[in-house]
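Participant: Here's my sequence, what's the structure:
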Amino acid sequence: MTINSEVESAVGTAHPLDPLSRAEISRAVGILREGPAAAESFRFGSVELREPGKAELRAGVAVVREADAVLIDRASGAAFEAVVDLDGGLVSSWTQLGKGVQPPFM
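Facilitator: Numbers count the residues shown, from 1 in each chain. The predicted structure follows:
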């Protein structure tokens, strides 16, 4: 018997600090693959929740689910950090860390 322990509401999560679901990770990767990381040479080092600020959580306002991603372009050797707006379906930040720069996850 398999029990699915992921609890999701209509907006995707039960709490704003819940980790990204498999569906949200796939969405973030898909958004990046359709945008700046379209080349086959890009590899994903990590995709994780970008936590909302404490002030937003305390105010009880609806927070936007965002993902932080770290990628490496194997063709150029450059590393990138990206912020993906999962609700809006867009890349809100794309920053090159520099050629040969060791990404923070390694």
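
Participant: quick one: average confidence on the longest helix along the chain?
Facilitator: Across the chain, the longest stretch assigned as helix under DSSP state H is helix 22-34. Here helix 22-34 scores 97 as its mean pLDDT.

Participant: C-terminal to it, what's the next element?
Facilitator: Later in the chain than helix 22-34, the nearest helix or strand by DSSP states H and E is strand 42-50.

Participant: Give the buried residues for that next one.
Facilitator: For strand 42-50, burial by neighbour count (16 or more other C-beta atoms under 10 Å) applies to F42, F44, V47, L49, R50. All C-beta spots, glycine's among them, are computed from the backbone N, C-alpha and C.

Participant: Number of residues surrounding G89?
Facilitator: Neighbours of G89 under the rule other C-beta atoms under 10 Å: 12.

Participant: I figured it was touching L32, is that so?
Facilitator: No: here G89 lies out of contact with L32, judged by C-beta atoms under 8 Å, at a distance of 11.1 Å.

Participant: my guess is V64 contacts G88, does it?
Facilitator: Yes: with contact defined as C-beta under 8 Å, V64 and G88 form a contacting pair (7.3 Å).

Participant: if we can go back for a sec, for the longest helix of the chain, which helices and strands make contact with it?
Facilitator: For helix 22-34, the packing partners by 3 or more C-beta pairs under 8 Å, 6 or more residues apart in numbering; DSSP states H and E come out as strand 42-50, strand 66-73, strand 78-85, strand 90-99.

Participant: residue contacts, the residue nearest the centre of the chain?
Facilitator: By C-alpha atoms, centre = their mean, the chain has its centre lying nearest to A67, at 2.4 Å. With contact taken as C-beta atoms under 8 Å, 6 or more residues apart in numbering, A67 is in contact with L20, E24, I25, A28, V47, E48, L49, R50, V83, V84, L86.
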